[in-house]
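Asks: Attaching a predicted model along with its sequence, questions to come.
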Amino acid sequence: MASGVKVAEETVEAYKAMKLQKTNNRYLIMSIDLAAGLIKVVASKEKMKDVDQEAEYNDFLAQLPSDSGRYCIVDLTIPQKNGAMKDILFLITWCPNEATTKSNILYTTSKRELLNKIREGMIDLQANDLSDLQYCELLVRGCK
């Protein structure tokens, strides 16, 4: 089932810049602008040299609304089994339990359009509660 929502060109460009490391963003948070029918970036944060990654991740979690869905791209540097450090992008679909059913359905049905534009190279996660997004769990998911 398609929702008719499209991805804003600026959103695609923000993702590409993050993926190609042309920007130093820790995360992008996107929402659906119902009036425009577009998925748009509503928040982003650059990595800070004097703040550890887990603290920045916790800042990201604090930005997620409890009553509305969001799409998020998070960039984490994760130690691999061979000892190397690797930047891993996570695509998170946030559909909180406290959101309306209509909001969660809209985010679920619009995800296909987003994936068609920005899919490659990310670990895809669905989260309904902050407990689904524990930092240590993402580290495990990103370790190869």
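Replies: Yep, it's here.
Asks: What strand or helix carries Tyr15?
Replies: If you go by DSSP states H and E, Tyr15 is part of helix 9-19.
Asks: What residues of that helix count as buried?
Replies: Within helix 9-19, the residues scored as buried using 16 or more other C-beta atoms under 10 Å are Thr11, Ala14, Tyr15, Met18, Lys19. For every residue, glycine as well, the C-beta is placed using N, CA and C.
Asks: Got the confidence number for Lys40?
Replies: At Lys40, the predicted lDDT confidence score is 96.
Asks: swap in Pro79?
Replies: Predicted confidence (pLDDT) for Pro79: 88.
Asks: Just give the closest residue to the spatially most central residue of the chain, not the sequence neighbours.
Replies: With distances taken as C-alpha atoms, centre = their mean, Cys72 lies nearest the centre of the chain, 1.8 Å away. For Cys72, ignoring the flanking residues on the chain, the nearest one in space by C-beta to C-beta, 6 or more residues apart in numbering is Ile92 at 4.3 Å.
Asks: Now do the one you found against Pro79, distance only.
Replies: 21 Å (C-beta to C-beta, to the nearest Å).
Asks: Am I right that Leu125 falls within a strand?
Replies: Yes: per DSSP: H, G, I helix; E, B strand; the rest coil, Leu125 lies within a strand segment.
Asks: who touches it in this structure?
Replies: Neighbouring residues of Leu125 by C-beta atoms under 8 Å, 6 or more residues apart in numbering: Phe90, Leu91, Ile92, Thr93, Asp132, Leu133, Leu138, Arg141.
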